[in-house]
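Participant: Following is a predicted model, sequence given first.
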Amino acid sequence: MCPGEHLPHPDAGRRRFLSGAITAIQGALGATLAFILGGAVASPALGTRRTDWWPAVPLNTLPPDQPTPVTIRVTREDGYSQVVDRQVVFLVRTGPSEVTALSSICTHLGCRVSWDATDQSLKCPCHGGVFDRTGAVTAGPPPSPLETLATRVEGEQVLVQL
Amino acid sequence: MGRLRPLFDWLDDRTGFRAGRSHLLDEPLAPGVGWWFVTGSILLFLLAVQLLTGIVLTMYYVPSPEHAYDSVRYISDQLPLGGIVRGLHFFGASFIVIAAVVHMLRVVSFGSYKKPREVTWITGVVLLLIILGFALTGYLLPWDQKAYWATTVTINVARSSPVVGEYLASIMRGGADLGALTLLRWYATHVFLLPAALIAFVVAHIYLMRRHGISGPVRERAGEPQPFYPYHALKDTIAMAAVFALLLTFALTVRVPLDSIADPTDATYIPRPEWYFLSLFQLLKYFPGPLEPVATIVIPGLVVGALLLLPFLDRSPDRHPLKRPLIGAAFVLLGAGIFSLTYLGFKDSPAHADPSYWGPMALAGREFATDTRCAECHRIGGAANPIDNTRVRRDPEWLLGHIADPEVIAPGSRKPPPGSLNESQARAIVAYMSKVRAGTTPPDVTGDTHTAAMIYGRFCGGCHMIDGEGGHQAPDLTRAGEERDAEWLREWISNPEEVDPLADMPPFYDRLSEDELTIIANYLAARK
C-alpha cells in the first residue's frame, strides 16, 4: 500500500491485535477438534492387523512335497464385531517335521489361487498367474512370489501364523 | 496475501465474497452490547460440536438391536479417541440444554423478545423443543438398559394422551413392540429429521437476529456503534473457548455411562431419565391414574404455549426487567418448580447398579466355564470361539439349553460331552458371559468370598436370584441379610424342614461341609 493512499484507521493497531487473538483462539479450538475427530476417524485405518498362531491340521495328514489346501478358521475383531474368516493356505511338507505355508492370495490383484495337480502348479483364475510349489512366479502378471507364512509344528499339530 | 491478491480479486469478482464477509462481520452493534450477548454464540458453537462429533459417531454406530450396544461399547472402550468423541457428544447434550436455558433467560431478562422480535423468539422456542427432541431420541441409541426402559416410559407417556394416544405410541414404536423398527426410526429422526429442522430454524433465527439487529442493553446508551468484528467477536470467541475447555474436561475425566445391554425381560431395572427430563418424570408421580395427562400433556403444553405466546402476552414497550414484575415472577416460579422437581427426582432415584460389579454368579461362572467339556469345541481354531472371547448373542434360555446338552441345539454336528452342568452352574456361566460382553474385567476375589461365590454358583443360583442373576423359583437373595441373620440362614440351609416343616427347599447338610455352611450363611447375612 502506498503511503497516503488510505488514512490509517485510528483504531487500526487495536483491531489488528484483536483479530490476531480471535484467529489464535479459534485456530486452537479448530485444531483440538480436528485432532480428536480426525484421530477417531483415521485411527482404525492406521492400526496393524494382529497375528496369532492358528492350528491347521495334524502333520501326518500332509503328503510330502505336495501343496495341500487347508482351511483355517481365524477369529478376528472387525470393529465392534467378531468375524470368522475361513482362510485357505497351502501347506507343503518339506521334511520330516518341516512345513512351509503359502498364502492363497495372488500377489497380482488378490484373487484366490488353486492347486492344479496335473500341471503341478498353483494357478490364479483371474489373470492367468501361475506359481510353482515354492510360490515362485512361473507365468503371468504377478509381480512377486506368493507370501510365505510362518509355521510351527507342535507335537503332531501344524500351526500357522495368520 | 500479496501474491494471491489477483486470485482473490478474481474470486471476489465472480462470487462477491468480500461483500458477503463484510456483511457478516461488520454489523454495527449498539453501544453496551457486552458479555451478556455471547450466549447465542456459545449455543451455536455447541451445536456445531454436536454435529461434528455426531458425524464421527455414525461412522461406528450401527442402529440395530443386535449391534447397537456392541458398537457403542467399541466406540467407548476400543476406538482410539472414541471415548472422548462420545464424551463430547454425551456431555455436549447437557451443555446445550443448559446453554439454551441461559440464552432464553438472558432474552427474557433483557426483554429482547418484544416487538419487532416476536418471530425471532418463536423460532427460538421451537429450537429449544428441537434440542429436547435430540436429547430424547439420542438416548435410545446405545440400546442399553437405560435406553430401553427410559424409551418405554417415554412412549407410554405419549400413549396416555387423550384420543390419539394409542396411535401416537404406535407411530413412535414403529410397530406393536419396542424393537428394531423403533430403534431405526428414532435413529433416522436423530440424524436426519432433527438436524435438518435444527439447521433450518438456526438459519431463520440468525437471519431474523440480523434483520432486527441485536437488541442491546435495556436502556439505550450514548456512544458510537461498534462493528461486530473484532470487538464483540473476541468476546464470543473467548466464551466459546471457555465452554469448550469445560466440556473437554468432562469428556476427558468422566466416563460416559453404559449400562448392560437392554433386557426386555428384566423386572429389576428402575429407569431414570437424564437430568433434564427428571422434573417431568417426577411430575408424573403427583398425578396418578386418570389424572396422568395433566402431568404429561396439560402442564407441559401450557408451559410451551405460554412461552410461544410470551411476546403477545407482554406487549408493553419497556424492556427493563423491574418494569415487568409479572413476567419475572412467572419465570422465577417456573424455574423454582422445575428446580425443585428435579431435586426431588434426584432424591428419589435409587442407587444405580454398577455394571462393572461382579456378583457371585458371574464369579463362579468364570470358573465353571473352564470346564474341559466346553473346551472340546470352545478353543482357538475349534468349532467355536473360546468362551472368554465369545460375545453372547443368544437369550439365556438358549444358552441354558446349549450348556445342558449342546446336541439339542446343533443336532448331529457334535457329540454331547459326557455329563452336564447343573442349572445353577449353567446360569452362572450365562452371568459370566454377560459380564464379558459388558467389557468388564473380573475382580480378584479370594478367601471366603470366593468360596461363597462357588457354593452359590453350584447350588443356589438354579432357584435363587442374586444381583439380577439366577433362577426365579425361590426368593431373591440380593439383600438376604436384611431379613435374616447368619445363624438362622445356616440352620435353614442345612435343613429347611427343621425350621419349617412345609419348606420346599431341599436340605444341604449332606452336600456342604460345616465350614461351607458357615461361609455361605455369613456371606448371605452380610448382604444388606
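Facilitator: Arrived safely.

Participant: quick one: is the strand ranked longest in chain A near chain B?
Facilitator: In terms of residue count, the longest strand belonging to chain A (DSSP state E) is strand A:81-93. Yes. Part of strand A:81-93 sits close enough to chain B to count as contact by C-beta under 8 Å from any C-beta of the partner chain, namely A:S81, A:Q82. For every residue, glycine as well, the C-beta is placed using N, CA and C.

Participant: Can you dump the C-alpha atoms of that strand in CSV for me?
Facilitator: As requested, the backbone C-alpha atoms of strand A:81-93 are provided in CSV (Å, rounded to 0.1, in the frame of the first residue of the first chain):
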residue,chain,number,x,y,z
SER,A,81,-18.0,-57.3,15.7
GLN,A,82,-16.2,-60.6,15.7
VAL,A,83,-15.9,-62.4,12.4
VAL,A,84,-14.7,-65.8,11.5
ASP,A,85,-12.5,-65.7,8.4
ARG,A,86,-12.1,-69.0,6.7
GLN,A,87,-8.7,-68.6,5.2
VAL,A,88,-7.2,-71.1,2.8
VAL,A,89,-3.4,-71.7,3.0
PHE,A,90,-1.3,-74.2,1.0
LEU,A,91,0.8,-76.4,3.3
VAL,A,92,3.8,-78.1,1.8
ARG,A,93,5.6,-80.7,3.8
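
Participant: Nearest spatial neighbour of B:P386, chain-adjacent residues omitted?
Facilitator: What sits nearest to B:P386 in space, not counting adjacent residues and going by C-beta to C-beta, 6 or more residues apart in numbering or on different chains, is B:H378, at 5.3 Å.

Participant: Return the residues in contact with residue 80.
Facilitator: As the question left the chain open, I've gone with chain A. In this structure, A:Y80 makes contact with B:Y60, B:V62, B:H67, B:D70, B:S71, B:R73, B:Y74, B:I75, B:Q78, judged by C-beta atoms under 8 Å, 6 or more residues apart in numbering or on different chains.

Participant: sorry, should have said chain B
Facilitator: A:G39, A:A40, A:S43, A:P44.

Participant: hmm, 7 Å instead?
Facilitator: For B:P80, the set of contacting residues under the criterion of C-beta atoms under 7 Å, 6 or more residues apart in numbering or on different chains consists of A:G39, A:A40, A:S43.

Participant: The last one and chain B: what is the separation?
Facilitator: Same thing as A:S43. 4 Å (C-beta to the nearest C-beta, to the nearest Å).

Participant: which SS state does that residue fall under?
Facilitator: Using DSSP: H, G, I helix; E, B strand; the rest coil, the three-state assignment for A:S43 comes out as helix.

Participant: Surely it is in contact with B:L81?
Facilitator: Yes. Because the distance of 6.5 Å satisfies C-beta atoms under 7 Å, A:S43 is recorded as touching B:L81.

Participant: These two: who's more crowded?
Facilitator: Neighbours were tallied for A:S43 and for B:L81 using other C-beta atoms under 10 Å in any protein chain shown; the higher tally belongs to B:L81 (18 against 14).

Participant: so what's the backbone phi/psi at the closest residue to B:T120 other than its chain neighbours?
Facilitator: For B:T120, ignoring the flanking residues on the chain, the nearest one in space by C-beta to C-beta, 6+ apart is B:L208 at 4.1 Å. With angles defined as degrees, to the nearest 10, B:L208 shows backbone torsions of phi -70, psi -40.

Participant: Since that was my last question, I'll sign off now.
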